[in-house]
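Asker: predicted structure and sequence below. I'll ask about it afterward.
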Amino acid sequence: MIATALLLLAVSASVPESLVVDGAPPVPTEIVRASDAYMKARSAELQTWHPTRREILITTRFGETLQIHRVRKPDGARTQITFFDDDVERGIAYEPNGASVIFTKDDNGDGNDQIYRLDLATNVITCITDGRSRNGNGVWANHGHDIVYTSTRRNGRDTDLYVNERLLAEVDGSGWSPLEWSPDDRRILVQQTISAGKSALWLADARSGAMTPVPCSGSCVLGTFTHGGKRIVTTSDAGSEFRELVSIDLQSAKTERLTNHIPWDVIELALSSNGRDAAIVTNEAGIFKLHIIDVAKGTERHLPRLPTGYVTGIHWRRNGRELGFNIDSARAPSDVYSLDIPTGTITRWTNSEHGNVDLTQFPEPRLIEWPSFDRRTITGFLYMPPPKFAGKSPVLISIHGGPEGQFTPYFLGRWNYVVNELGIAILFPNVRGSSGFGKTFQKLDDALHRENAVSDIGALLDWIAAQPSLDASRVAVTGTSYGGYLALSAAVRYDDRIRATIDIVGPTNLASFLEHTAAWRQDLRRVEYGDERDPATRAFLERIAPLRNAERITHPLLVVQGQNDPAVAVSEAEQIVRAVREHGTAVWYLLGRDEGHGFRKRRNANYQFYLTLQFLRGFLVAAATASKPAA
């Protein structure tokens, strides 16, 4: 028995103790060894500038989780300053005098974010919220003593506004978040998210909590004060399919359109400390581009040629002339750069490691498009294997979450192994409901139109069948969160055309999902999916639920779920696993007991990837001659 146990240890990868593997065979160590080089890539993302010095805080992963690191100069050492078992990557902000840093994190993915303060002189970390409710990212007042944030502590649902420990304003709903204090700290600019396509701005009196609406037409997202607090620069889709940069006079309500010459969504906004230049990032057909707009003149500055890739995470330095940002691309992980506006000088701050692989061999994606059932054009990005793989390529369709998310051609990291070494083409569709293609397109899947997004996947299967380089007899589908729901829905409707499905933290019945998702999420999700409390809507959601049609899934299924997921309850995964197995279909189930909405800890995420590789090798790559994968 001892010899047998040692043999198993020699051929099987160890399972992290926090994971539960049900129905899946052991992962051979050969898979671990073969993919090892692709698992080493790191990335770095800018979080904030120091208030007075030319240095930055970034997040990167050296151990199990993403943590805050200080970088004191370009290409300088990354000095770690937080050391948690959970990711620290949200709400990171210096106190205006630089004495401390606040940040937000939850506990094992439970979604109950708390705000912490790190004293940089003593390295002591203090939780400044109640430790139980969900709290939104904090925003420092300009004078540095007060922090405004949101919290559900009153009733578990509504995200009320707090300043330090004082309840500033009770609100209705969960979509509230503070954006910025006015220059005199008397008012706070607050965003109210009503749905994925509708937001409004408010001004909260910092003493009384009285709320006054900002006169912004359309859906207004993001915002910052300018001209001494007399104007607001924000984005609005009034009169356009896309979110434009606009300037609003708070006294007269006069609105000036600043980027109507750019027919794409403005997705990021940062205003320089002198109030003159607005840095924005636009989403142009899935490519994120940087622009600098002179707010007073409404003109655009000429920028030097930036490194190849797309821009995210823009932050101005306090000097008003240097802008920091991240650049990511298909052939390079995210790294931090800065641009000195007057001189056009570009400085690289981080050089992330990427393992012993040749990044130039990673595939560049190809933009594709296909007609759906209603003749509407749907687009996506296709990553093809290298020429060393002869014949038609098997295909993995990977669907983003949201539903209002959007796939953009980022650095695939370890997933390049699937393309380069397994010979699988990966296709990322942006089906109806995705953002980035106008507000009309984004609403096309709402409520009773949900199944039309599934039809987009069916039309994609038709497109794949017409491509001489793709093997329509070997197609797998995967997705995370809402993407997991769509993957399961496609598995039900197109079972005869799909060989394997991978569902990652996906709802399996939108009615039960809405009942069990965290209270602070319910109303926002009901706007998107429909209100399950309405009998007619519930009947529709039940009818289309993958759970209610589980007998139609006859190909292998891999389900991945976090025990502490506040968004998609673990019961969603458990019920589809039971239902599909009842009809004799093979199901592999991977549960993370210390994870939430997706696996974040490196050891868990690595094992999930190894198991996914084994699943794809067995049921997609090796199924070239089989008419149907064996259950």
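Answerer: All right, it came through fine.

Asker: how about residues contacting the lengthiest strand in the chain?
Answerer: Across the chain, the longest stretch assigned as strand under DSSP state E is strand 470-480. With CB atoms under 8 Å, 6 or more residues apart in numbering as the test, strand 470-480 has contacts from 391-401, 425, 457, 461, 464-465, 484-487, 490-491, 497-506, 598, 616, 619-621, 623-624. Yep, even glycine has a C-beta here, placed from its N, CA and C like the rest.

Asker: show me which of these are buried.
Answerer: Buried members of the contacts of strand 470-480, counted by 16 or more other CB atoms under 10 Å: 392-401, 425, 457, 461, 464, 484-487, 490-491, 497-506, 598, 616, 619-621, 623.

Asker: in strands, which of the residues you listed fall?
Answerer: 393-399, 425, 500-504.

Asker: now the strands for the stretch 101-250 of the chain?
Answerer: 114-119, 125-127, 139-140, 147-151, 160-163, 166-169, 176-181, 187-195, 198-205, 211-213, 220-226, 231-236, 244-249 (DSSP state E, counting those that start in this stretch).

Asker: a markdown table for those strands, including mean neighbour count?
Answerer: Output for these, formatted as a markdown table (neighbours: other CB atoms under 10 Å):
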| stretch | mean neighbour count |
| --- | --- |
| strand 114-119 | 19 |
| strand 125-127 | 13 |
| strand 139-140 | 20 |
| strand 147-151 | 24 |
| strand 160-163 | 24 |
| strand 166-169 | 17 |
| strand 176-181 | 21 |
| strand 187-195 | 20 |
| strand 198-205 | 20 |
| strand 211-213 | 13 |
| strand 220-226 | 22 |
| strand 231-236 | 24 |
| strand 244-249 | 22 |
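
Asker: columns distance to Pro386 on top of the ones you listed, output as TSV?
Answerer: Formatted as TSV, those follow (distance: least, CB to CB, whole Å):
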stretch	distance to Pro386
strand 114-119	46
strand 125-127	47
strand 139-140	47
strand 147-151	48
strand 160-163	53
strand 166-169	57
strand 176-181	44
strand 187-195	43
strand 198-205	44
strand 211-213	55
strand 220-226	41
strand 231-236	41
strand 244-249	41
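
Asker: and of the ones you listed, who's closest to Pro74?
Answerer: strand 114-119 (23.7 Å; CB to CB).

Asker: and which of the ones in strands among the buried ones among the contacts of strand 470-480 is nearest Arg157?
Answerer: The shortest gap between Arg157 and any of those belongs to Ile504, at 26.8 Å (CB to CB).

Asker: any idea how far Leu611 is from the closest one?
Answerer: Going from Ile504 to Leu611 by CB to CB, to the nearest Å gives 12 Å.

Asker: try Val418
Answerer: Taking CB to CB as the measure, Val418 and Leu611 are separated by 13 Å.

Asker: surely Thr350 is in a strand?
Answerer: No - read with DSSP: H, G, I helix; E, B strand; the rest coil, Thr350 is coil and lies in no strand.

Asker: run a quick neighbour tally on the nearest residue to it once chain neighbours are set aside.
Answerer: Nearest non-adjacent residue to Thr350, counting by CB to CB, 6 or more residues apart in numbering: Ala44, 4.0 Å away. Using other CB atoms under 10 Å, Ala44 has 22 neighbouring residues.
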